[in-house]
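Q: structure here, sequence nowhere to be found:
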């Protein structure tokens, strides 16, 4: 009888493990979609999109990859890795909790963050300009059409979001 219980126990553990895995997969997909399409982080569906995003989205997939590969290989001056960016956020949190509050300390960190952001933005802008400079007139016109489509979709999405907020 003990061997039958052991067999059932193994089967049950496998079933529970597969069930848990499937549930985690579904939760991950839902959370990922929510984050990508409607978060306050500036994703494609967000109204907080930065100015350069439509220019990048409208590029062909291969061109986008080439630009980002170039930026990863040749980090712009002032670029900060993730640990450095987190350290600056931690510095702001510490400064906000400090007594007496030192506004200049917070301003200094914000200035560092802004400088790094501008450096990356400038490098991305230069890479984008180099990419469109080598396009022939036909490719550039096709790119302009895709850019117009991206901008139109964005405007429609923002209009729908405003209408939904008004209805709520």
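A: In hand now; what should we look at? In this text, all values refer to a predicted model and were calculated from it rather than measured experimentally. Residues are numbered from 1 along each chain as shown.
Q: ranges for the helices of this protein?
A: Assigned by DSSP state H, the helices in the chain fall at 2-38, 53-57, 61-73, 82-97, 103-133, 137-167.
Q: present those helices as a markdown table; the columns should include mean neighbour count and mean pLDDT.
A: Using the backbone N, CA and C atoms, a C-beta is placed for each residue, glycine as well. Output for the helices of the chain, formatted as a markdown table (neighbours: other Cβ atoms under 10 Å; pLDDT from 0 to 100):
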| stretch | mean neighbour count | mean pLDDT |
| --- | --- | --- |
| helix 2-38 | 10 | 59 |
| helix 53-57 | 17 | 87 |
| helix 61-73 | 13 | 86 |
| helix 82-97 | 12 | 90 |
| helix 103-133 | 14 | 89 |
| helix 137-167 | 12 | 83 |
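Q: wait, residue 102 sits on residue 95?
A: Yes - using Cβ atoms under 8 Å, residue 102 is in contact with residue 95, at 6.0 Å.
Q: where do the contact lists of those two overlap?
A: In the contact map built from Cβ atoms under 8 Å, 6 or more residues apart in numbering, no residue is linked to both residue 102 and residue 95.
Q: show me what contacts residue 59?
A: Per Cβ under 8 Å, 6+ apart, neighbours of residue 59: 67, 128, 131, 143, 146.
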